[in-house]
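K.L.:
Give me a 3D structure for the following:
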Amino acid sequence: MIDIMFEQLTDLFSTGQSRQLTAGEYLFHRDDQVRWMFLVTQGEIRLLRYQENGNPVILQRAHENEILAEASLFSDCYHCDAVAAVQSRIMVIARSDFRAQLENNPALHNAWTARLARQVQQARLRSEILSLKTVSQRLDAWVTWNRNLPPKGNWLRLAQEIGVSPEALYREIGQRRRRTHSPTNARAEEFKY
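P.N.:
Numbers count the residues shown, from 1 in each chain. Okay, the predicted model is just below:
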């Protein structure tokens with residue numbers, strides 16, 4: 001059901017134009033007027049907000065098949081910058097066309113609302129995970145919600161998601177594997193790979 005709803009949302013971009021961005025290229029800047037909606041089809045686009053010391057805070061990492069800056073649909077101007085983290089490709093559609101499609105199609109409107117509701121859940125979960133003090137606690141919370149670790153190739157993204165260094169995450173997973181393979185560990189079945 002979720003896949004069908006998301007297909008409907010990506011169909012919103014079927015009349016859009018494709019655009020390629022090089023690594024480091026800005027898609028928009030803070031305070032630019034919102035005129036477009038974006039679907040990432042390849043690569044990664046980051047929403048950044050800069051602190052007073054110049055360091056960025058990453059508000060979103062949009063990857064393949066993710067809509068970038070959804071909240072901008074209801075804003076007059078962007079509240080952050082969007083920059084390509086790597087060479088990326090996006091689909092672009094006018095915000096007015098995007099809104100018109102949602103307003104004229106109840107199924108699309110419902111799919112959009114459901115997507116935003118899931119994102120609120122994910123944001124709340126991430127906030128709670130980031131409030132935990134140790135790598136172990138953060139990983140436990142993430143695994144409780146998602147049931148299993150992602151494949152090894154996605155561990156860097158997991159580290160970013162739970163706000164720890166990749167090295168700290170790899171150490172924690174290594175410790176858990178050693179404990180899991182110990183014959184005296186009663187939790188062996190709780191932590192699946």
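K.L.:
if I look at Asn55, how far off is Arg138?
P.N.:
As for Asn55, its distance to Arg138 is 22 Å (criterion: C-beta to C-beta, to the nearest Å). (Each C-beta comes from the backbone N, C-alpha and C, glycine too.)
K.L.:
my bad, Leu156
P.N.:
15 Å.
K.L.:
how about the strands in this protein?
P.N.:
17-21, 26-28, 36-42, 45-50, 56-62, 66-68, 81-84, 88-94 (DSSP state E).
K.L.:
helices and strands around the last one, which ones?
P.N.:
This points to strand 88-94. Applying 3 or more C-beta pairs under 8 Å, 6 or more residues apart in numbering; DSSP states H and E, one finds that strand 88-94 contacts strand 17-21, strand 36-42.
K.L.:
Next, the angle from the shortest one to strand 36-42.
P.N.:
Just to be clear, that refers to strand 17-21. With axes from the mean of the first three to the mean of the last three C-alpha atoms, to 10 degrees defining the directions, strand 17-21 sits at 60 degrees from strand 36-42.
K.L.:
Give me the sheet partners of strand 17-21 and which way each runs.
P.N.:
In the sheet, strand 17-21 lines up against strand 88-94 (antiparallel) (DSSP bridges).
K.L.:
Run through who's touching the strand it pairs with.
P.N.:
The contact list for strand 88-94, computed with C-beta atoms under 8 Å, 6 or more residues apart in numbering, reads 12-13, 15-21, 23, 27, 35-45, 68.
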